[in-house]
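Peer 1: the sequence isn't on hand, but the structure is:
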């Protein structure tokens, strides 16, 4: 049986036809910035579903906002504010006449990595996905932890500085989001804002540009501090870093160096805080699709189990 997996991101919708064994039979991508209403959004999902053969296994959705993973209700719309407070699962099922499931994208990445990827075998772990903001997931006692309102694992709004009043400038993603290094480097070089993307920035790093390396060091330090704060609260065995930027080898090197430096802070050895493994997500851009299908199969199995009883 085939399934239609959908990864709803900030500006596009990735989709794939997949098997129960997580094999990809077909992949695609559609722009979504032109969608402005719930009706347009659902119509786009329906069109993609029908164009790809109306997979009999249903539609598995990874969504860039906080969700109720059981009901499909969206606590927030993420980049699609018009979807907030709506039940995306019900709307898709009605429009497409098939089973659907909805899970937060960070949680999908966590499911994929904890079941099939770099976090397999760990009972307590965290995933931090670097994108526009910092998404993620928490694995506790071998299970995905959502929290009371589906916000567990979302690190974007962590306070950067606890010594000043909390404002928009306090949000951690302002210095840990994927666009920060390029924007900061452009600022130092006197270039137009937004003119330096991630590829250009890391190329400058590879060429040993001192300004680029300084920015990377600062960026890695901010990320390491965020990972350390997460670890202090949860006491995890490992933390996996995801998102497109995580595929840059220099990022892992610099984050690991900054993370190790935290443990060399005077007084830290005596405190004895255990050091978790810092890993890179294995599935990269496919993680959300794999996690969405994994969640979808869980929901189907749960429904069948309830019916059987």
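Peer 2: Noted; the coordinates are in hand. This structure is a prediction, so every number in the text was calculated from the model and none was measured.
Peer 1: mind listing the strands for the stretch 51-200 of the chain?
Peer 2: Read by DSSP state E, counting those that start in this stretch, the stretch 51-200 of the chain holds these strands, from start to end of the chain: 59-63, 100-104, 125-130, 134-140, 143-145.
Peer 1: can you tell me which of those comes nearest to residue 170?
Peer 2: When the strands of the stretch 51-200 of the chain are ranked by distance to residue 170, counting by CB to CB, first place goes to strand 134-140 at 13.7 Å. All C-beta atoms are positioned from the backbone trio N, CA, C, and that covers glycine.
Peer 1: CSV for the strands of the stretch 51-200 of the chain, including mean pLDDT and distance to residue 246?
Peer 2: Rendered in CSV, the data for those read as follows (pLDDT from 0 to 100; distance: least, CB to CB, whole Å):
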stretch, mean pLDDT, distance to residue 246
strand 59-63, 97, 17
strand 100-104, 97, 18
strand 125-130, 94, 6
strand 134-140, 93, 12
strand 143-145, 94, 20
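Peer 1: save those as JSON lines, and put in distance to residue 223 and mean neighbour count too.
Peer 2: Below are the strands of the stretch 51-200 of the chain laid out as JSON lines (distance: least, CB to CB, whole Å; neighbours: other CB atoms under 10 Å):
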{"stretch": "strand 59-63", "distance to residue 223": "23", "mean neighbour count": "29"}
{"stretch": "strand 100-104", "distance to residue 223": "21", "mean neighbour count": "29"}
{"stretch": "strand 125-130", "distance to residue 223": "8", "mean neighbour count": "28"}
{"stretch": "strand 134-140", "distance to residue 223": "9", "mean neighbour count": "25"}
{"stretch": "strand 143-145", "distance to residue 223": "22", "mean neighbour count": "17"}
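Peer 1: for residue 113, which of these is the nearest?
Peer 2: Closest to residue 113 of the strands of the stretch 51-200 of the chain, according to CB to CB: strand 125-130, at 5.7 Å.
Peer 1: so what strands line up beside that closest one?
Peer 2: Using DSSP bridges, the strands paired with strand 125-130 are strand 134-140 (antiparallel), strand 238-242 (parallel).
Peer 1: okay if I get the ones you listed as TSV plus distance to residue 90?
Peer 2: Putting those into TSV (distance: least, CB to CB, whole Å) gives the following:
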stretch	distance to residue 90
strand 134-140	24
strand 238-242	29
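Peer 1: among these, which is nearest residue 263?
Peer 2: Comparing the strands paired with strand 125-130 by their distance to residue 263 (CB to CB), the top pick is strand 238-242, with 13.9 Å.
Peer 1: following the closest one, which helix or strand shows up next?
Peer 2: Once the chain leaves strand 238-242, the next helix or strand it forms, by DSSP states H and E, is helix 249-263.
Peer 1: and that next one, what does it pack onto?
Peer 2: In terms of contacts (3 or more CB pairs under 8 Å, 6 or more residues apart in numbering; DSSP states H and E), helix 249-263 is packed against helix 198-206, helix 210-234, strand 238-242, strand 277-280.
Peer 1: got those as CSV, with mean neighbour count columns?
Peer 2: Compiled in CSV, those are given as follows (neighbours: other CB atoms under 10 Å):
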stretch, mean neighbour count
helix 198-206, 18
helix 210-234, 18
strand 238-242, 25
strand 277-280, 18
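Peer 1: show me the one of those that comes nearest residue 20.
Peer 2: Put simply, out of the helices and strands packed on helix 249-263 the one that sits nearest residue 20 is strand 238-242, at 23.5 Å, with distance taken as CB to CB.
Peer 1: what's the angle from that closest one to helix 210-234?
Peer 2: Taking axes from the mean of the first three to the mean of the last three CA atoms, to 10 degrees, one finds that strand 238-242 is oriented at 140 degrees with respect to helix 210-234.
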